[in-house]
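sequence first, predicted coordinates after that:
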Amino acid sequence: MAKQKPSSRQSRPFRQEKAERRLFDDRRPERTGDVWLYGYHPVTAALKNPNREPKRLLLTKETAAELERDGSISGISPETVSRADLDRILPKGSVHQGIAGLFSALPDTGLEDIDYPEKAVVVILDQVTDPHNVGAVMRSAAAFNASAVVLTDRNAPEATGVLAKSASGALELVPLITVSNLTRALKTLKDIGFWCVGMDGRAPRTLRETDLPDKIALIMGSEGFGLRRLTAENCDYTVKLPISERVESLNVSNAAAIALYELSLRKAR
């Protein structure tokens with residue numbers, strides 16, 4: 001007996017599954033070192049960054065029309081997909097706004113590779129583990145012209161889509177430097193003229209009350225634990241923010257934004 005030919009209704013799930021596999025498997029980030037970014041600001045900022053190589057650009061029809069109007073697409077031909085396709089590719093709950101891109105990872109940058117201005121601030125995050133917090137700090141660093149943000153390579157998030165979305169494009173504007181030994185990194189900064197300023201709620205003086213040098217490495221401790229002992233011992237100054245006694249501390253990204261704003265006022269003098 002001849003085999004019954006599958007109906008179009010029977011074959012559709014197979015074709016759909018094959019298309020989904022192609023969206024997932026082509027240049028998988030875990031195999032190539034590439035990274036998926038999503039959301040309007042992270043992706044369009046990455047497209048403008050000469051240090052990024054775009055590999056794929058996935059857009060819904062509505063987002064494609066909007067980007068063509070404002071001229072944000074360049075250097076790569078976009079693929080039109082549905083919102084459901086993006087939901088399947090990206091982490092659950094990602095707010096992608098109808099746009100995602102596969103990009104090469106950013107090149108490694110060292111502390112000594114940056115051309116620091118005469119008045120400079122570098123933000124050091126001592127084992128801050130939440131990518132949303134790191135992304136928010138990156139955004140504040142860009143807003144107040146910090147020269148770099150430094151993470152430890154252990155107990156810190158990678159520069160993936162979650163961090164980039166929270167940074168809202170700042171990941172392409174401010175160098176994110178990863179170091180294996182924070183104590184050695186602080187010594188390197190001191191050797192090139194920086195003074196290490198640790199934020200500590202128990203410090204005797206506030207940031208505003210303290211007369212600080214022009215080049216500052218602003219060190220923020222981890223969520224819940226603050227500065228580690230060895231990090232604190234390597235600080236030239238410890239300062240605090242003048243907050244109400246009704247709260248014990250601020251979220252690290254909020255504290256960083258306030259401190260960077262205060263330091264930006266000093267740079268303007």
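That came in fine, so what should we check first?

please parse this protein into its domains.
The record's domain parsing of the chain by automatic domain parsing lists 26-103, 111-268.

any chance of those domains in CSV, plus mean pLDDT and mean neighbour count?
Yep, even glycine has a C-beta here, placed from its N, CA and C like the rest. Converted to CSV, the domains of the chain look like this (pLDDT from 0 to 100; neighbours: other CB atoms under 10 Å):
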stretch, mean pLDDT, mean neighbour count
domain 26-103, 84, 17
domain 111-268, 93, 18
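
contacts only, for Pro78.
Contact partners of Pro78, counting by CB atoms under 8 Å, 6 or more residues apart in numbering, are 57-59, 64, 67.

mind listing the helices for this protein?
Remark: helices assigned in the chain by DSSP state H are 8-25, 29-32, 40-48, 61-70, 83-89, 131-143, 161-167, 182-191, 229-233, 252-268.

chain center to the fifth one, what's the gap?
It stands for helix 83-89. Relative to its chain's centre, helix 83-89 lies at 22 Å (CA atoms, centre = their mean, to the nearest Å).

and the residue lying closest to Leu186 once chain neighbours are set aside, how close does it get to Ala120?
By the measure of CB to CB, 6 or more residues apart in numbering, the closest residue to Leu186 outside its immediate chain neighbours is Asn234, 4.8 Å from it. Going from Asn234 to Ala120 by CB to CB, to the nearest Å gives 19 Å.

got a list of what Lys267 touches?
Listed by CB under 8 Å, 6+ apart, the contact partners of Lys267 are 119, 121, 145, 214.

how about these in CSV, adding distance to Cys196?
Below are the contacts of Lys267 laid out as CSV (distance: CB to CB, whole Å):
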residue, distance to Cys196
Lys119, 16
Val121, 12
Asn145, 19
Asp214, 14
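
just give me the closest of the residues you listed to Asn49.
Asn49 lies nearest to Asn145 out of these, by CB to CB, at 17.8 Å.

state the distance from the nearest residue to the closest one once chain neighbours are set aside to Ser77.
Once flanking residues are discounted, Asn145 sits nearest to Ser264: 6.7 Å by CB to CB, 6+ apart. From Ser264 over to Ser77 the distance is 41 Å, taken as CB to CB.

can you pull the contacts of the residue lying closest to Ala256 once chain neighbours are set aside?
Using CB to CB, 6+ apart and skipping the chain neighbours, the partner closest in space to Ala256 is Val137 (4.7 Å). When contacts are counted by CB under 8 Å, 6+ apart, Val137 touches 123, 125, 128, 149, 220, 252-253, 256-257.

which ones are touching Leu250?
Applying CB under 8 Å, 6+ apart, the residues contacting Leu250 are 241, 243, 258.

sounds good, over and out.
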